[in-house]
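# I need the structure of the sequence given here:
(3 chains)
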Amino acid sequence: MSIGHTLLGLLESGPRHGYDLKRAFDEKFGHDRPLHYGQVYSTMSRLLKNGLVEVDGIEPGGGPERKRYAITDAGITDVQRWLATPEKPEPYLQSTLYTKVVLALLTHRNAGDILDNQRAEHLRMMRILTDRKRKGDLADQLICDHALFHLEADLRWLELTAARLDKLAEVVVK
Amino acid sequence: MTPAGSLLVADELRKTYGPTVALDGAEFSIHPGEVVAVMGPSGSGKSTLLHCLAGIVTPDSGSITYNGREMATMNDAERSALRRSEFGFVFQFGQLVPELTCVENVALPLRLNGTSRKEAEKAALGWMERLEVDDLRKKRPGEVSGGQGQRVAVARSLVTNPRVLFADEPTGALDSLNGERVMDLLTEAARSTNAAVVLVTHEARVAAYSDREIVVRDGKSRDMERVV
Amino acid sequence: MSLRQWWRDLAMGVRFAFAGGREGWVRALLTAVGVGLGVALLLLTTALPSALAVRHERGDARADINYGQEKKKADDTLLSGNASTTFRDTDIRGRDLEPEGPKAPLPPGVAKFPAVGEMVVSPALKKLLESEDGKLLRERLSNRIAGTIAESGLIGSQELAFYRGAEGLAAQDINGAGISRIDKYGNPNPTESDSDPVLVLLVLVVFVVLLMPVAVFITAAARFGGERRDRRLAALRLVGADGRSTRRIAAGEALAGSVLGLVLGTGFFLIGREVAGSVEVFGQSVFPSYLNPSPLLALLVAVAVPAAAVLVTLLALRGVVIEPLGVVRTAKPARRRLWWRLLLPLAGLGMLYPMVGQGRDGGDFNQYLVSGGVILLLVGVTALLPWIVEAVVARLGAGAVSWQLAVRRLQLSSGTAARMVNGIAVAVAGAIALQMLFAGTSSDYTKDTGYDISRAQMQVTVPKGKALAATAKELAATKGVRQVYAFDEGYVNDGSGEDASWARVTVADCTSLREVAKLPSCRDGDVFVSHVAPAAGEGDTDRQNADDESNVTARPGQKLYFDTSEAAEKQTSVAWTVPKAVKQAESIADPTGYRRGGILLTPGAFPAQAAAGVRGEIYVRVDDSLPDARDYVRNTAARINPYEEPMTWVSTESNDRYSSIRTGLFVGAVCVLALIGASLLVSQLEQLRERRRLLSALVAFGTRRRTLSLSVLWQTAIPVGLGLLLASGVGLTLGVVLLKMTDTSVRVDWSSVLSMTGVGAGVVLVVTVLSLPPLLRLMRPDGLRTE
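Prediction:
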């Protein structure tokens, strides 16, 4: 999961202070692993360096968390590209996918497209595996089956999420 | 919008059953030899799409062209004849006539086309061999397992050398292993005869046998190749 | 197992019988109507013996015959003259009553003697007389109608009867001309109803033939909705009902349908009873009150019908194991064996065989053997049919797809098909046998009477004391009469006492005489001797006057005597001499078909003093283009003598009551077939609904509607065809046996075979046609939808 893209995405809805960003991240995505200030700081300085964010203002007191950041046009493009790129189908993708969906909802992008896109990518992978399985020996078949079942589970999750997008939007955008 | 060389094309299909909207502007196209999976949640209209494409149901509006011919201009008898000779069907269950033996079931579509009993059963046996169920020829559907029965059904759907094979949840009643076997045999046979396959399923692993996927949601279709 | 539990299970079954929305109701109602019709027929059957007995008693109670006992006039005597007559083809019972004292007996159903010039009539006759139709009869029965005869004086609701006040009957010939003097009504020696054994046989067989299919139908009705019920029971097993309790629930369902059937049946019977009061079957009608089923038999019906329904249900469930997850039919039923099935009809034939040739006059048929034999034969049909259907269907090759579908289906479940067809087969077999019996016996009853109705159609006997010529003149003047031939007939003897030779004498004018003999010439005053040519050669010797000795007595100059005695103790005679100029004549068949020999006299040659020695007979030729010509003659004849009805001639005498029984039987058989057709339809529809998904799939891959419709037709037509074939065989066999029993010449009544099998085939067609709309509806792709 890309923290940089996530923080960028969070900034898209408006300029925020560093501590604001941390709180928003923890609230929405960091259920089991809250961000350290250090992570926020290093990430933001990288983004600053790359011209994806700019400093909008500084509160008295100093420190990175006191800085107010705003996203640049280049930053918005970067977020867009990231969201539109399907993840390589692999196990334990959910957290990234979930982040993408929530961010899409937060930024009023079409979350359904993200899911469908991912879905098509999954199925493409499954086709390749199915094809390999048909041509391969028993060992290949078993290995492919393992991957196929996982992919299928992901795909089901995608389907289910697609069906529940409206509900998710209500919860996320409040 | 229609890709060139399509065998069966549907455009702007609309169909309602009473208050229920089954299809709401669905589109579809398939090439000879192509396997297209139609997926979607239950009640989304994917079966209705298949029924419309196969000429079993007439849509309220929209056009379906098979091999350059507009289906709306055909009458019931012509569409029945088309289904008999150009299309093949596999359903989830309940399609084999319980009184007939397996080989008679497989021979049935040929016999409906007027082929003599002997010839029809000979051809039927050939297909049963390809689907590895030729030892069941004298058995009745009630006496064979689900997977075997479904393979018999596949044999029956292919016996007329159809140009389009419609399969509605062909593995729906089967376990993974049997389902896979049926799909293997079905797609292989279809590819070898260059038949197009319209495969309605809700299982991704079954859909993975396809070349292309269409998702139907709320009566609208979406070609997954053309997302974003 | 507690009684409460039992009761609860049964009650649950009863609830299930009517639950299930419209379909459930329709099924329950169909079962009930089927059972109801059966019950009504059963009740009618149980009521019929008592109805016949009541009729017979009433008939006895109004008997006015004193069996030869001479009675003297007293204050308790009554003169009763038989004034019965005929209107068109209907008999009218009529009596002229003249009480001779205050204590004269009143006939049953009559409150007060009708005064002279008045009459009391039965309600049906009153209606007839008051109608436009009865105008002509009113001329004959012109007396004022003073009242009606009550039910106790009639033997049927539609009976035509009257009692008329009269006077001067004593002056008539008591005991001779249909007048009797009685002091009480009623038959002093009431007889047992002594019916024609052939008729008893017919009634027995009719009942068996009509009741057997009803029984078959009731058992079929009890199976309506069977498969659905099995699935429902399986669902109950899933929630914890045990095997026994599901059976009790099923029993409860069957019970509910049959009890409702009992209620409907009672209703049908009551309606039928009222209807029965207004119909007339072969000239006999009954009062609704006669039709009282004997309580014991009615109770038997009330117990037996539900019990049978429950029993059938439990039997049907015997081959089925209801598991929580579905219904499992136990392994293939044992192969049907032929031997015991053949045993039944053979035993039936064996029971009937000893009675072959008993004939009509030989007398009695053993009722138990007859009904037992007939029942066994017909039950044999129901036992043989499943075997035959199975055996034949197993050998049927595959033809067209529709044929193949039907045959394969039948091969899997020939039992169900055969069960449904059984009713049709039994009804048709029985009906064919009966039609044959009726056709055979009625052709036997149809005799050539010998009357030549092209020459005359009616015969009027001139009463004593009336002149022939005057009577003839009166008749000749009647509307509708073309020609009358009037003869005075009598005998003469040669006066030698005990050993006297006799000759027949016929007195008539030349025109009339030419109707009986070929005359060389004829003038008034001529005398002829007529010879019966021995070469008549028709083998019909009893139509010739074998005892006529005119060849010895009618020699010229021979003195002969007319017997003019009024009574046995006062012998008188008038002598007459055969004239020299007697001419020879050759007899020809007269209008009655007889060749009469003897002496023929023209009126001029007949001694007037001998008038008491002859009796007038007038043959009347009527104008057949006038519809009621015969009734005009009857009117005239009744004026001349109300106590001697004119005879109406027919060339052949047929027993037309048989033709009405045949019609009735045909109608009954058609009704039974329709009933069975209904149950066929129900099971057909049920089967179609179960195959809904399959039908849709078949349509999807392009099966023509015609193919499926045809397969539905074959599926009914094959078993019904086999059933009809078997039924024709058994029916013809039974018919032959019955005809042999009644000693009647065996003739196959092909028309009835054809009409019955035609009706059977019609039932198949109707069932198929009626199941087509639902079939076409089921063939829509909705059935493909996966829920």
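# In contact with the residue in chain B that chain C sits nearest to, which residues?
Closest approach between chain B and chain C, counting by Cβ to the nearest Cβ: B:Arg84, at 3.1 Å. All C-beta spots, glycine's among them, are computed from the backbone N, C-alpha and C. Neighbour list for B:Arg84: B:Pro109, B:Leu112, B:Asn113, B:Thr160, C:Phe701, C:Gly702, C:Thr703 [criterion: Cβ atoms under 8 Å, 6 or more residues apart in numbering or on different chains].
# Give the burial count for A:Gly30, as a bare number.
15 (other Cβ atoms under 10 Å in any protein chain shown).
# how about it, secondary structure?
The three-state assignment at A:Gly30 reads coil, by DSSP: H, G, I helix; E, B strand; the rest coil.
# Enumerate every residue touching A:Leu158.
Contacts of A:Leu158 (Cβ under 8 Å, 6+ apart): A:Leu97, A:Leu115, A:Gln118, A:Arg119, A:His122.
# so which of those residues are also by chain B?
The residues of these that also fall near chain B, by Cβ under 8 Å from any Cβ of the partner chain, are A:Arg119, A:His122.
# Mark which of the contacts of A:Leu158 are part of helices, please.
A:Leu97, A:Leu115, A:Gln118, A:Arg119, A:His122 (DSSP state H).
# element containing B:Leu23?
Using DSSP states H and E, B:Leu23 maps to strand B:20-30.
# rewinding a little: how close does the residue of chain B closest to chain C get to B:Leu186?
Distance from B:Arg84 to B:Leu186, counting by Cβ to Cβ, to the nearest Å: 20 Å.
# next one: C:Glu498
As judged by Cβ to Cβ, C:Glu498 and B:Leu186 stand 117 Å apart.
# And these two? Which one has more around it.
Taking other Cβ under 10 Å, C:Glu498 and B:Leu186 do not tie; B:Leu186 has more neighbours (29 against 4).
# Can you show me the helices along chain B?
B:46-53, B:76-85, B:102-112, B:117-130, B:146-158, B:176-192, B:204-207.
# close to chain C, is the last one?
What that stands for is helix B:204-207. No: against chain C, helix B:204-207 shows no contacts by Cβ under 8 Å from any Cβ, the least distance being 14.7 Å.
# Other residues contacting that helix?
Outside helix B:204-207, the residues that reach it (Cβ under 8 Å, 6+ apart) are A:122-123, A:126, A:130, A:148-149, A:151-152, A:155-156, B:37, B:39, B:170-171, B:176, B:179-180, B:183, B:199, B:201, B:213.
# how far away is the residue nearest to the spatial centre of chain B from B:Gly40?
Centre of chain B computed as the mean C-alpha position; nearest residue by Cα atoms, centre = their mean is B:Phe166, 1.0 Å away. Distance of B:Phe166 to B:Gly40, computed by Cβ to Cβ: 16 Å.
# Next: C:Arg15.
With Cβ to Cβ as the criterion, C:Arg15 and B:Gly40 are 42 Å apart.
# who has more neighbours, those two?
Between C:Arg15 and B:Gly40, B:Gly40 has the larger neighbour count (other Cβ under 10 Å), namely 23 against 13.
# Look up the pLDDT of that one for me, please.
In this model, B:Gly40 is scored at 86, pLDDT.
# Contact partners for it?
B:Lys46, B:His202, B:Val215, B:Val216, B:Arg217.
# Excluding residues flanking it in the chain, which one is nearest it?
B:Val216 (3.8 Å; Cβ to Cβ, 6 or more residues apart in numbering or on different chains).
# Name all residues that make contact with the one you found.
Contacts for B:Val216 (Cβ under 8 Å, 6+ apart) come out as B:Ala26, B:Val38, B:Met39, B:Gly40, B:Ser44, B:Gly45, B:Lys46, B:Leu49, B:Arg222.
# how much space between it and chain A?
As judged by Cβ to the nearest Cβ, to the nearest Å, B:Val216 and chain A stand 12 Å apart.
# Point out the residues in chain A that sit beside chain B.
A:84, A:113, A:116-117, A:119-120, A:122-123, A:126-127, A:129-130, A:134, A:148-149, A:151-152, A:155-156, A:159, A:162-163.
# Restricted to helices, list those residues.
Per DSSP H, these map to helices at A:84, A:113, A:116-117, A:119-120, A:122-123, A:126-127, A:129-130, A:134, A:148-149, A:151-152, A:155-156, A:159, A:162-163.
# Roughly how far does C:Leu778 sit from C:Leu695?
For C:Leu778 relative to C:Leu695 (Cβ to Cβ), the value is 5 Å.
# Name the residues contacting each of those two.
Between them, C:Leu778 and C:Leu695 share these contacting residues under Cβ under 8 Å, 6+ apart: C:Leu688.
# Compare these two (neighbour count), which wins?
Neighbour totals were compared for C:Leu778 and C:Leu695, and C:Leu695 leads with 24 against 21 (other Cβ under 10 Å).
# dump the residue contacts of that one.
So C:Leu695 contacts C:Leu688, C:Leu708, C:Leu775, C:Leu778, C:Met779, C:Gly783 (Cβ under 8 Å, 6+ apart).
# TSV please, covering the residues you listed and showing pLDDT.
Output for the contacts of C:Leu695, formatted as TSV (pLDDT from 0 to 100):
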residue	pLDDT
C:Leu688	80
C:Leu708	85
C:Leu775	84
C:Leu778	78
C:Met779	75
C:Gly783	62
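# ok so, going back, show me the two of the contacts of B:Val216 that sit farthest apart.
B:Ala26 and B:Met39 (13.1 Å; Cβ to Cβ).
# Would you pull up the residue in chain A closest to chain C?
A:Glu159 (18.2 Å).
# how does chain A divide into domains?
Per automatic domain parsing, the structural domains of chain A span A:3-84, A:94-172.
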